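Participant: missing the sequence, but the structure's below:
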(Lines give C-alpha, C1' and ligand atoms only; values in the text may rest on other atoms or scores of the structure.)
Protein backbone atom coordinates (compact mmCIF):
# COMPACT_ATOMS: atom_id res chain seq x y z
CA UNK A 1 0.00 0.00 0.00
CA UNK A 2 2.65 2.49 1.04
CA UNK A 3 4.78 1.59 -1.96
CA UNK A 4 1.85 2.27 -4.27
CA UNK A 5 1.13 5.59 -2.54
CA UNK A 6 4.73 6.79 -2.76
CA UNK A 7 4.95 5.70 -6.39
CA UNK A 8 1.74 7.60 -7.17
CA UNK A 9 3.15 10.77 -5.60
CA UNK A 10 6.35 10.42 -7.58
CA UNK A 11 4.37 10.09 -10.81
CA UNK A 12 2.40 13.23 -9.95
CA UNK A 13 5.59 15.22 -9.25
CA UNK A 14 7.15 13.90 -12.46
CA UNK A 15 4.11 14.95 -14.49
CA UNK A 16 4.06 18.41 -12.93
CA UNK A 17 7.79 18.73 -13.54
CA UNK A 18 7.52 17.81 -17.22
CA UNK A 19 4.42 19.89 -17.98
CA UNK A 20 4.99 23.00 -15.82
CA UNK A 21 8.33 23.23 -14.00
CA UNK A 22 10.80 22.30 -16.75
CA UNK A 23 9.27 24.59 -19.42
CA UNK A 24 9.08 27.38 -16.83
CA UNK A 25 12.77 27.05 -16.03
CA UNK A 26 13.69 27.03 -19.73
CA UNK A 27 11.63 30.18 -20.32
CA UNK A 28 13.15 31.92 -17.29
CA UNK A 29 16.77 31.16 -18.16
CA UNK A 30 16.09 32.46 -21.67
CA UNK A 31 14.78 35.72 -20.23
CA UNK A 32 17.82 36.14 -17.99
CA UNK A 33 20.22 35.50 -20.86
CA UNK A 34 18.52 38.14 -23.02
CA UNK A 35 18.65 40.69 -20.17
CA UNK A 36 22.45 40.55 -19.85
CA UNK A 37 24.53 43.17 -21.67
CA UNK A 38 28.14 44.32 -21.36
CA UNK A 39 26.92 47.39 -19.43
CA UNK A 40 23.15 47.69 -19.53
CA UNK A 41 22.70 50.05 -16.56
CA UNK A 42 24.62 52.74 -14.70
CA UNK A 43 25.56 52.44 -11.02
CA UNK A 44 25.48 56.23 -10.82
CA UNK A 45 21.71 55.84 -10.93
CA UNK A 46 21.63 53.52 -7.89
CA UNK A 47 21.21 54.14 -4.17
CA UNK A 48 21.37 51.32 -1.61
CA UNK A 49 19.14 51.51 1.50
CA UNK A 50 20.08 49.37 4.53
CA UNK A 51 17.81 49.48 7.60
CA UNK A 52 19.35 48.06 10.79
CA UNK A 53 18.51 47.52 14.45
CA UNK A 54 20.97 46.11 17.01
CA UNK A 55 23.26 44.58 14.38
CA UNK A 56 26.72 45.82 15.34
CA UNK A 57 28.56 42.59 14.36
CA UNK A 58 26.62 42.15 11.12
CA UNK A 59 27.37 45.72 10.10
CA UNK A 60 31.10 45.12 10.46
CA UNK A 61 30.86 42.13 8.12
CA UNK A 62 28.75 44.11 5.66
CA UNK A 63 31.20 47.02 5.59
CA UNK A 64 33.97 44.56 4.74
CA UNK A 65 31.95 43.51 1.68
CA UNK A 66 31.66 47.13 0.54
CA UNK A 67 35.39 47.63 1.11
CA UNK A 68 36.23 44.62 -1.10
CA UNK A 69 33.74 45.48 -3.83
CA UNK A 70 35.23 46.21 -7.26
CA UNK A 71 32.43 48.69 -8.02
CA UNK A 72 30.09 50.71 -5.83
CA UNK A 73 26.71 52.46 -6.18
CA UNK A 74 26.29 56.22 -6.15
CA UNK A 75 25.01 56.35 -2.56
CA UNK A 76 24.51 54.05 0.44
CA UNK A 77 22.00 55.05 3.13
CA UNK A 78 22.08 53.24 6.48
CA UNK A 79 18.93 53.79 8.55
CA UNK A 80 19.17 53.20 12.30
CA UNK A 81 15.87 51.80 13.57
CA UNK A 82 16.28 52.85 17.24
CA UNK A 83 19.21 50.49 17.93
CA UNK A 84 20.21 49.90 21.53
CA UNK A 85 23.73 48.71 20.71
CA UNK A 86 26.73 50.60 19.26
CA UNK A 87 25.91 49.90 15.61
CA UNK A 88 25.15 53.47 14.57
CA UNK A 89 28.18 54.83 16.46
CA UNK A 90 30.38 52.19 14.83
CA UNK A 91 29.18 53.15 11.35
CA UNK A 92 29.73 56.85 11.88
CA UNK A 93 33.29 56.19 13.07
CA UNK A 94 34.09 53.89 10.16
CA UNK A 95 32.45 55.68 7.23
CA UNK A 96 34.33 58.76 6.06
CA UNK A 97 33.44 58.60 2.36
CA UNK A 98 30.58 60.95 1.38
CA UNK A 99 29.08 58.05 -0.52
CA UNK A 100 27.87 56.64 2.83
CA UNK A 101 25.31 58.27 5.07
CA UNK A 102 23.88 57.16 8.43
CA UNK A 103 20.43 58.39 9.43
CA UNK A 104 18.36 57.78 12.56
CA UNK A 105 14.71 56.89 12.16
CA UNK A 106 12.70 59.64 13.91
CA UNK A 107 10.63 58.98 17.02
CA UNK A 108 7.22 57.63 16.17
CA UNK A 109 8.51 55.66 13.16
CA UNK A 110 9.55 52.03 13.66
CA UNK A 111 10.48 49.01 11.59
CA UNK A 112 12.02 48.18 8.25
CA UNK A 113 9.06 49.42 6.21
CA UNK A 114 9.18 52.88 7.76
CA UNK A 115 12.97 52.98 7.53
CA UNK A 116 12.93 52.36 3.78
CA UNK A 117 10.27 54.99 3.15
CA UNK A 118 12.08 57.48 5.36
CA UNK A 119 15.32 57.00 3.39
CA UNK A 120 13.51 57.24 0.05
CA UNK A 121 12.80 60.91 0.77
CA UNK A 122 16.54 61.59 0.48
CA UNK A 123 17.21 59.45 -2.60
CA UNK A 124 18.10 61.40 -5.75
CA UNK A 125 18.91 58.48 -8.06
CA UNK A 126 16.47 56.75 -10.40
CA UNK A 127 16.87 53.30 -8.85
CA UNK A 128 17.00 51.93 -5.31
CA UNK A 129 18.40 48.65 -3.99
CA UNK A 130 17.42 47.40 -0.52
CA UNK A 131 19.76 45.23 1.56
CA UNK A 132 19.38 43.64 4.98
CA UNK A 133 22.15 44.39 7.45
CA UNK A 134 22.98 40.70 7.93
CA UNK A 135 23.80 39.90 4.29
CA UNK A 136 27.12 39.40 2.51
CA UNK A 137 27.88 39.87 -1.18
CA UNK A 138 30.81 39.15 -3.49
CA UNK A 139 33.29 41.71 -4.77
CA UNK A 140 31.86 41.26 -8.29
CA UNK A 141 28.25 41.84 -7.20
CA UNK A 142 27.79 45.47 -8.32
CA UNK A 143 29.69 44.86 -11.53
CA UNK A 144 27.31 42.02 -12.39
CA UNK A 145 24.33 44.17 -11.39
CA UNK A 146 25.43 46.80 -13.88
CA UNK A 147 25.11 44.23 -16.70
CA UNK A 148 21.35 43.86 -16.15
CA UNK A 149 18.59 45.78 -17.89
CA UNK A 150 16.87 47.15 -14.80
CA UNK A 151 13.07 46.93 -14.84
CA UNK A 152 10.59 48.72 -12.59
CA UNK A 153 11.00 45.87 -10.07
CA UNK A 154 13.91 43.41 -10.02
CA UNK A 155 13.77 40.36 -7.75
CA UNK A 156 17.33 39.26 -6.95
CA UNK A 157 18.46 35.99 -5.30
CA UNK A 158 19.06 35.47 -1.58
CA UNK A 159 20.84 32.31 -0.40
CA UNK A 160 20.46 31.17 3.20
CA UNK A 161 23.05 29.10 5.06
CA UNK A 162 23.02 27.36 8.44
CA UNK A 163 25.24 24.99 10.43
CA UNK A 164 22.37 23.74 12.61
CA UNK A 165 19.94 20.90 11.98
CA UNK A 166 16.70 22.89 11.96
CA UNK A 167 18.46 25.67 10.12
CA UNK A 168 19.34 23.14 7.41
CA UNK A 169 15.65 22.22 7.15
CA UNK A 170 14.81 25.89 6.61
CA UNK A 171 17.66 26.12 4.09
CA UNK A 172 16.23 23.24 2.04
CA UNK A 173 12.74 24.68 2.37
CA UNK A 174 13.98 28.06 1.12
CA UNK A 175 15.75 26.47 -1.86
CA UNK A 176 12.60 24.59 -2.86
CA UNK A 177 10.47 27.74 -2.73
CA UNK A 178 13.07 29.72 -4.67
CA UNK A 179 13.21 27.01 -7.33
CA UNK A 180 9.43 27.18 -7.75
CA UNK A 181 9.62 30.98 -7.84
CA UNK A 182 12.18 30.85 -10.67
CA UNK A 183 9.88 28.47 -12.55
CA UNK A 184 6.85 30.70 -11.94
CA UNK A 185 8.81 33.70 -13.22
CA UNK A 186 9.29 31.84 -16.48
CA UNK A 187 5.50 31.95 -16.78
CA UNK A 188 5.53 35.68 -15.78
CA UNK A 189 4.19 34.95 -12.29
CA UNK A 190 6.84 35.21 -9.54
CA UNK A 191 5.15 34.96 -6.16
CA UNK A 192 7.86 35.88 -3.63
CA UNK A 193 10.57 38.52 -3.31
CA UNK A 194 13.11 39.33 -0.63
CA UNK A 195 13.89 42.82 0.61
CA UNK A 196 17.38 41.57 1.43
CA UNK A 197 18.18 41.95 -2.28
CA UNK A 198 15.49 43.90 -4.13
CA UNK A 199 15.97 46.58 -6.78
CA UNK A 200 13.26 48.95 -7.97
CA UNK A 201 12.68 52.23 -9.75
CA UNK A 202 11.98 54.98 -7.22
CA UNK A 203 9.22 56.65 -9.22
CA UNK A 204 7.50 53.30 -9.77
CA UNK A 205 7.64 52.56 -6.03
CA UNK A 206 6.04 55.91 -5.24
CA UNK A 207 3.37 55.28 -7.86
CA UNK A 208 2.42 51.67 -7.04
CA UNK A 209 3.14 51.34 -3.31
CA UNK A 210 0.04 50.61 -1.17
CA UNK A 211 1.68 50.96 2.24
CA UNK A 212 -1.50 51.92 4.08
CA UNK A 213 -2.98 48.48 3.32
CA UNK A 214 -0.25 46.58 5.18
CA UNK A 215 1.46 48.97 7.58
CA UNK A 216 -0.20 47.09 10.46
CA UNK A 217 2.02 44.07 9.70
CA UNK A 218 5.66 44.75 10.72
CA UNK A 219 7.31 42.47 8.11
CA UNK A 220 6.76 41.41 4.53
CA UNK A 221 7.24 44.69 2.69
CA UNK A 222 8.91 42.78 -0.15
CA UNK A 223 5.96 40.43 -0.71
CA UNK A 224 3.45 43.28 -0.59
CA UNK A 225 5.58 45.34 -2.96
CA UNK A 226 5.67 42.48 -5.47
CA UNK A 227 1.86 42.28 -5.25
CA UNK A 228 1.49 46.04 -5.77
CA UNK A 229 3.76 46.06 -8.83
CA UNK A 230 2.07 42.99 -10.30
CA UNK A 231 -1.43 44.43 -9.76
CA UNK A 232 -0.32 47.61 -11.52
CA UNK A 233 0.97 45.50 -14.44
CA UNK A 234 4.43 47.00 -13.97
CA UNK A 235 7.52 45.41 -15.48
CA UNK A 236 8.87 42.78 -13.06
CA UNK A 237 12.05 40.76 -13.66
CA UNK A 238 13.57 37.94 -11.62
CA UNK A 239 17.24 36.92 -11.75
CA UNK A 240 18.62 33.68 -10.32
CA UNK A 241 22.34 33.92 -11.10
CA UNK A 242 24.58 33.19 -8.10
CA UNK A 243 26.75 36.17 -9.14
CA UNK A 244 23.82 38.46 -8.29
CA UNK A 245 23.07 36.76 -4.99
CA UNK A 246 23.55 37.83 -1.40
CA UNK A 247 24.04 35.38 1.48
CA UNK A 248 22.47 35.46 4.91
CA UNK A 249 22.37 33.21 7.96
CA UNK A 250 19.47 31.12 9.26
CA UNK A 251 18.11 30.48 12.73
CA UNK A 252 19.06 27.11 14.17
CA UNK A 253 16.40 26.06 16.70
CA UNK A 254 13.05 24.37 16.10
CA UNK A 255 11.25 27.21 17.90
CA UNK A 256 12.87 29.86 15.71
CA UNK A 257 12.26 27.79 12.57
CA UNK A 258 8.54 27.44 13.36
CA UNK A 259 8.23 31.10 14.38
CA UNK A 260 9.71 32.18 11.05
CA UNK A 261 7.30 29.93 9.14
CA UNK A 262 4.35 31.32 11.08
CA UNK A 263 5.41 34.89 10.19
CA UNK A 264 5.77 33.95 6.53
CA UNK A 265 2.39 32.22 6.48
CA UNK A 266 0.71 35.21 8.14
CA UNK A 267 1.95 37.78 5.66
CA UNK A 268 1.42 35.45 2.67
CA UNK A 269 -2.18 34.89 3.75
CA UNK A 270 -2.73 38.63 4.14
CA UNK A 271 -1.39 39.28 0.63
CA UNK A 272 -4.23 37.05 -0.68
CA UNK A 273 -2.13 35.49 -3.44
CA UNK A 274 -3.72 32.12 -4.23
CA UNK A 275 -0.56 30.74 -5.84
CA UNK A 276 1.66 31.74 -2.92
CA UNK A 277 -0.88 30.50 -0.39
CA UNK A 278 -1.10 27.12 -2.11
CA UNK A 279 2.67 26.72 -2.14
CA UNK A 280 2.96 27.74 1.52
CA UNK A 281 0.30 25.14 2.39
CA UNK A 282 2.22 22.41 0.53
CA UNK A 283 5.47 23.45 2.17
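Facilitator: That came in fine, so what should we check first? A quick note: this is a predicted structure, and the numbers were derived from the prediction, not measured.

Participant: quick one, what contacts the residue nearest the centre of the chain?
Facilitator: What sits nearest the mean C-alpha location of the chain, by Cα atoms, centre = their mean, is residue 194, with 2.2 Å. Contacts for residue 194 (Cβ atoms under 8 Å, 6 or more residues apart in numbering) come out as 155-156, 158, 222. The C-beta positions use only the backbone N, C-alpha and C, and glycine is treated the same way.

Participant: next: residue 229.
Facilitator: 152-153, 200, 204, 208, 236.

Participant: please report phi then psi for it.
Facilitator: phi -70, psi -40 (degrees, to the nearest 10).

Participant: do you know how far it is from residue 236?
Facilitator: As judged by Cβ to Cβ, to the nearest Å, residue 229 and residue 236 stand 6 Å apart.

Participant: for residue 113, which non-adjacent residue is spatially closest?
Facilitator: Excluding the flanking residues, the one nearest residue 113 by Cβ to Cβ, 6 or more residues apart in numbering is residue 221, at 4.6 Å.

Participant: what's the spacing between that neighbour and residue 123?
Facilitator: Where residue 123 is concerned, residue 221 sits at a distance of 16 Å (Cβ to Cβ).

Participant: what do you get for residue 112?
Facilitator: 16 Å.

Participant: of those two, who's got more company?
Facilitator: residue 112 (23 against 18; other Cβ atoms under 10 Å).

Participant: I figured that one hits residue 81, correct?
Facilitator: Yes: counting by Cβ atoms under 8 Å, residue 112 touches residue 81, with 7.0 Å between them.

Participant: mutual contacts of the two, please.
Facilitator: residue 51.

Participant: flag the shaky bits of the stretch 151-283 of the chain, pLDDT-wise.
Facilitator: Scanning the stretch 151-283 of the chain with the threshold set as pLDDT under 70 gives 165-167, 218-220, 250-254, 256-283.

Participant: helices along that one, start to end?
Facilitator: Ranges of helices in the stretch 151-283 of the chain, per DSSP state H, counting those that start in this stretch, are 165-186, 202-208, 221-231, 254-271, 274-282.
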